[in-house]
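> Show me the folded form of this:
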Amino acid sequence: MDIYEKRLTILKALIGENQLKEFAAAHADIDASYLSQILNGHRTLGDRAAMNLAKKLAVPAELLTEGNYSATDQDRITARWLALSLKPPTLPHPAFFNATINETAQRVSEHIEWSVKNRKAAPVPVVGKAMLGSDGYFDALDYPTGHGDGYIDIVSSDPDAYGLKMVGSSMHPRIKSGEFVLIEPNHRYQTGDEVLVKTTDGRAMVKEFIYFRDGQFRFDSISDGYPPIFLDEHLVEKIHYVAAILKSSKYLDI
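Numbers count the residues shown, from 1 in each chain. As a prediction, the model looks like this:
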């Protein structure tokens with residue numbers, strides 16, 4: 001697969017399940033017929049064209065020029081697509097779009113199938129407690145993958161999944177004190193999903209993701225008593241998908 005085929009693969013992934021006209025209309029200065037010519041092989045994405053298209057799509061230039069991007073980039077692209085009322089892009093895990101991108105399109109589907117068949121039934125590590133404060137925030141915890149303070153008796157397809165024990169009543173009745181939340185960092189989130197948000201000043205919270213628009217996130221409380229929170233993009237360090245809320249009986253002290 002040469003660089004032009006790589007760029008075409010990425011462009012198709014960005015468009016995803018969206019109609020071409022709707023996708024083009026949602027982005028300024030992009031002509032649907034131009035995209036159609038690229039997709040049909042009548043045009044190629046050279047270096048300059050790839051950089052210009054990346055700018056119009058408001059995605060990192062390296063994504064279309066080299067096929068490189070981070071998980072944070074993926075989260076921001078997904079948030080932008082949702083803000084534009086588009087279906088989320090179908091980009092696979094960032095590891096597949098790197099210097100060894102050859103045969104990516106085929107490997108993505110093979111990897112998903114392999115993961116489902118071969119994932120180990122290993123419990124998810126609990127990495128610490130989230131001491132909930134009256135302001136809805138708690139101290140964020142960094143975690144080493146595969147290590148923690150006991151486990152949750154549940155299987156996740158996300159190899160980086162982790163659990164947090166919630167202590168406090170600020171999210172009652174949605175999350176009760178002593179319960180656990182299962183966090184899947186590599187899972188996509190969309191409007192209405194509960195997410196763990198970590199800010200650049202080290203605070204964290206569990207909120208409902210509403211939208212990302214004009215460089216600003218909106219998160220709603222998952223319990224009564226707290227108003228919506230609006231955070232500028234530069235204040236958000238990471239957003240992780242909350243996959244499940246589990247009873248204390250699912251804890252394994254091993």
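> Show me where the stretch 51-200 of the chain has its helices.
61-65, 71-83, 104-118 (DSSP state H, counting those that start in this stretch).
> Give me the helices and strands touching the second one, please.
Which is helix 71-83. For helix 71-83, the elements it packs on are strand 203-213, strand 236-246, judged by 3 or more C-beta pairs under 8 Å, 6 or more residues apart in numbering; DSSP states H and E. (Each C-beta comes from the backbone N, C-alpha and C, glycine too.)
> quick check: mean pLDDT across it?
With pLDDT averaged residue by residue, helix 71-83 scores 85.
> export the helices and strands packed on helix 71-83 to TSV and tack on distance to residue 64 and mean pLDDT?
Below are the helices and strands packed on helix 71-83 laid out as TSV (distance: least, C-beta to C-beta, whole Å; pLDDT from 0 to 100):
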stretch	distance to residue 64	mean pLDDT
strand 203-213	20	88
strand 236-246	23	91
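> Relative to residue 29, which of these is closest?
Among the helices and strands packed on helix 71-83, strand 203-213 comes nearest to residue 29, with 19.2 Å by C-beta to C-beta.
> Relative to the whole chain's centre, how far out is the closest one?
12 Å (C-alpha atoms, centre = their mean, to the nearest Å).
> if I look at the residue sitting furthest away from the middle of the chain, how far off is residue 52?
Taking C-alpha atoms, centre = their mean, the residue of the chain most remote from its mean C-alpha position is residue 42, at 33.1 Å. Here residue 42 is placed at a distance of 17 Å from residue 52 (C-beta to C-beta, to the nearest Å).
> is it true that residue 194 touches residue 205?
No. In this structure residue 194 lies outside contact range of residue 205 using C-beta atoms under 8 Å: 10.7 Å.
> Have a look at these two and say which one is more surrounded.
Ranked by neighbour count (other C-beta atoms under 10 Å), residue 194 and residue 205 place residue 205 first, with 25 against 21.
> For the chain, which segments count as strands?
Along the chain, the stretches classed as strands by DSSP state E are 124-131, 138-139, 151-152, 162-167, 180-184, 194-199, 203-213, 216-220, 229-232, 236-246, 251-252.
> Any chance of a markdown table for these, columns distance to residue 63?
A markdown table is the format used below for the strands of the chain (distance: least, C-beta to C-beta, whole Å):
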| stretch | distance to residue 63 |
| --- | --- |
| strand 124-131 | 31 |
| strand 138-139 | 33 |
| strand 151-152 | 34 |
| strand 162-167 | 27 |
| strand 180-184 | 23 |
| strand 194-199 | 23 |
| strand 203-213 | 17 |
| strand 216-220 | 21 |
| strand 229-232 | 23 |
| strand 236-246 | 19 |
| strand 251-252 | 40 |
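> Among the ones you listed, which comes closest to residue 80?
When those are compared by C-beta to C-beta, strand 203-213 sits nearest residue 80, at 6.2 Å.
> what number of residues lie near residue 156?
If we define neighbours as other C-beta under 10 Å, then residue 156 has 21 of them.
> Now do the same contact list for residue 82.
Counting by C-beta atoms under 8 Å, 6 or more residues apart in numbering, residue 82 makes contact with 88, 190-191, 211-212.
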